[in-house]
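Chemist: just coords:
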């Protein structure tokens, strides 16, 4: 085989691999499932990632937030394969309107959340940061299980993408990420 034929063969293999698997700088993509254990709520907004630090003050009052963290959560999905996530959810206990009671809701049984997550690909060690917004709502009036409703996510570093996120919070957390 001549040198030019060998180079053409290698170039063809590289092109086929790119077309078959796609050239993506992000391992975040496709559907992802996150499962883990929830921490006990702590007073104040979560310390990181940055979006989870949001805790809007209610009119004429100080911010009233609680932090829920899910550390070392398991992540599975088509691009990430298996990975981990560190999630921080700041729950606005006053619902941003000053009508809340300590640790409880205001006019309803739903509270806005500002969340951030750091996802790590177990194959490469690459990381992506994701912002999450939505509301945590009681599954039923007498329930201690919370349901994430109206959840959206966007990748802010380590890739691109956005979509919907939903799931439940009890002693364990189960979230599904579905891209747009």
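Modeler: Nice, I can see it. Model, not experiment: these values are computed from the prediction.
Chemist: Please report the distance of residue 92 from residue 171.
Modeler: As for residue 92, its distance to residue 171 is 22 Å (criterion: CB to CB, to the nearest Å). The C-beta positions use only the backbone N, C-alpha and C, and glycine is treated the same way.
Chemist: For those two, indicate the residue with more neighbours.
Modeler: Ranked by neighbour count (other CB atoms under 10 Å), residue 92 and residue 171 place residue 92 first, with 26 against 8.
Chemist: So the more buried one is in contact with residue 114, correct?
Modeler: Yes: at 7.4 Å, residue 92 and residue 114 qualify as touching, with contact defined as CB atoms under 8 Å.
Chemist: which neighbours do the two share?
Modeler: Overlap of the contact sets of residue 92 and residue 114 (by CB atoms under 8 Å, 6 or more residues apart in numbering) consists of residue 55.
Chemist: where along this structure do the strands fall?
Modeler: Taking DSSP state E as the test, the strands found in the chain are 32-37, 42-43, 65-77, 81-92, 110-121, 127-138, 146-157, 162-169, 172-179.
Chemist: Return the residues in contact with the residue nearest to residue 138 when sequence neighbours are not counted.
Modeler: Excluding the flanking residues, the one nearest residue 138 by CB to CB, 6 or more residues apart in numbering is residue 109, at 4.1 Å. Going by CB under 8 Å, 6+ apart, residue 109 touches 137-138, 141.
Chemist: okay if I get the residues you listed as TSV plus distance to residue 127?
Modeler: Below are the contacts of residue 109 laid out as TSV (distance: CB to CB, whole Å):
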residue	distance to residue 127
137	30
138	33
141	39
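Chemist: Can you turn the buried subset of those into a selection I can paste into PyMOL?
Modeler: This is the PyMOL syntax for the buried subset of the contacts of residue 109, where burial follows 16 or more other CB atoms under 10 Å:
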select buried, resi 137+138
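Chemist: what's near enough to touch the residue most central in space within the chain?
Modeler: Residue closest to the average C-alpha location in the chain (CA atoms, centre = their mean): residue 117, at 4.8 Å. Neighbouring residues of residue 117 by CB under 8 Å, 6+ apart: 34, 49, 85-88, 129-130, 132.
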